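Undergrad: Need the 3D shape of this:
(one chain, ligands or ions: 1)
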Amino acid sequence: MRAGSGKIRGPVTNDRPFPGSGSSAFRLRDGELWCEGIPVRELAARHGTPLHVYSATEILTRVRELRAAFGEAARICYAVKANPNLAILRLLAAEGVGFDVVSGGELARDAAAGVATSGVVFAGVAKSAAEIGAALDAGILAFNVESEHELPLLAAAARARGVVARLAVRVNPDLPVDTHRHTRTGGKDDKFGLDFGAAARVVAAVAREAALELVGFHVHLGSQVREPEPYLRAFTAVMAFFDALEPRPALRYYDLGGGFGIDYGDGRGRLDVARLAAALVPAITARGLVPILEPGRYLVADAGLLLTRVLGTKERPSHAFVLVDAAMTELIRPALYQASHGIVPVQDPERRPEGVWDVVGPVCESGDFLGKARALPRLAQGELLAVLATGAYGAAMASSYNSRPRAAEILVSGTTAQLVRRRERVEDLWAEELNP
Ligand code: LLP
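TA: Okay, the predicted model is just below:
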């Protein structure tokens, strides 16, 4: 779709970043929200709501920002789980980005998108033999091994194919990060990674197995990390471990994981990637290693928003609700992590708030809310709201609970908007069900 086709828009008299958005691709123009060169109102009118809208330009800007910080030699492996839409995978692959996958399904998505699987790293706490086989067949860059039982599976699959499997050992250095309990992965109580004792056993076993080659170490401490220090501490701990190994294997990569935090509006800002890279990259390259990074959220979260329409309002003595057509089925982060996303009217967003509202969806769960206690103006039925920074772990974590078809997704680039996922049809919901 070419926005505005058939009608002439007047000149934009007033243009500035949309309040609350972490992306300059979302603009407040003539009093309403635009994504790049398109008023989002037009997208909602054409494709319905709830609707995920992504800015291609913002995604590419983030890639270039990471490249500038980490250098051309660093390998960026986008964490597919953040937003696995094939169009986004293709957009990133065209920029030379590789992928971090955690399942056979994500690997199959890469293949379906037609992107090179030679730049894929495969993490995952419990990979199946079938997934390991598929990844070997795809010729991926490396497995991130994080459970000891994987090693014989990987060796057998490699031997059977007459190939050598490249692997990094995912270490769990037991380092805390300041994030939600459910997005912490580098502590001793977490299921992820190998503690140093197990990591040493895996390194020794790899040395004895001709079908396996150790290429590096991997650490992922968690998500929504806003400070460089945990990454630096992890690298220091892993290198101290490495230096004590006897014999010391030759390595190629240090995979510092993802988890780069963004600003969801709490005022703490996003991770300063330039500061992180300035501190970490020289230390990695001084070891003769190439950095691998696995950003998910950082590349796509701010590039997306969720458009939803007001269905009505309900006022109780103690509480006022805005009832909207999006729900935990489109964005589960508030319910699952008590996450806070900006919620802003699409038209005239800066009008005076009138009251404090809970913004809730139609799903039959009291945990179904998009935002609590939000200062908002009185909203009209049919009015559009934008839920901000939903490009990561929004559509990716969607469900069809309450038999709600999954939302459509739009990728905008300049004045072009492409439908990159059609709205699920209600009959899709039972398409796999049988009536024997
Ligand atoms: N690498 C590994 C090994 C990971 O486990 C993850 C995320 C990433 C990279 C990417 O993390 P990111 O850069 O996107 O923070 N659903 C949660 C996030 C779970 C992330 C799981 N692993 C949320 O909505 O916040």
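
Undergrad: Can you give me the buried ones in stretch 94-113?
TA: Residues of stretch 94-113 classed as buried by neighbour count (16 or more other Cβ atoms under 10 Å): 97-104, 106-107, 109-110, 113. From N, CA and C alone the C-beta is placed, and that goes for glycine too.

Undergrad: any bit of that stretch sitting next to the ligand?
TA: Yes - using Cβ under 6 Å from any ligand atom, stretch 94-113 comes into contact with the ligand via Asp100.

Undergrad: so how far is that stretch off the chain centroid?
TA: Relative to the mean C-alpha coordinate of its chain, stretch 94-113 is positioned 13 Å out (Cα atoms, centre = their mean, to the nearest Å).

Undergrad: In the stretch 251-400 of the chain, where is pLDDT below threshold?
TA: Scanning the stretch 251-400 of the chain for pLDDT under 70 picks out nothing.

Undergrad: what's the nearest residue to Glu58 if we skip its chain neighbours?
TA: Nearest residue to Glu58, sequence neighbours excluded (Cβ to Cβ, 6 or more residues apart in numbering): Ala303, at 3.7 Å.

Undergrad: Wait, that neighbour touches Val53, no?
TA: No - using Cβ atoms under 8 Å, Ala303 is not in contact with Val53, being 9.3 Å away.

Undergrad: These two: which has the busier surroundings?
TA: Using other Cβ atoms under 10 Å, the more surrounded residue of Ala303 and Val53 is Ala303, with 30 against 27.

Undergrad: who's Asn144 bridged to?
TA: Beta-bridge pairing of Asn144 under DSSP bridges involves Ala168.

Undergrad: which residue is nearest the middle of the chain?
TA: Centroid-nearest residue in the chain, with Cα atoms, centre = their mean: Ala82, separated by 2.3 Å.

Undergrad: Phi, psi for it please.
TA: Dihedral pair for Ala82: phi -70, psi -40, per degrees, to the nearest 10.

Undergrad: OK, contacts around it?
TA: Ala82 makes contact with 296-297, 299-301, 391-393, 396, according to Cβ atoms under 8 Å, 6 or more residues apart in numbering.

Undergrad: Can you name the residue of the stretch 51-200 of the chain nearest the ligand?
TA: Residue of the stretch 51-200 of the chain nearest the ligand, by Cβ to the nearest ligand atom: Ala79 (3.5 Å).

Undergrad: Touching, that residue and Val97? I think so.
TA: No - in this structure, Ala79 is not within contact of Val97 by Cβ under 8 Å, at 10.8 Å.

Undergrad: State the number of residues packed around Pro17.
TA: Using other Cβ under 10 Å, Pro17 has 13 neighbouring residues.
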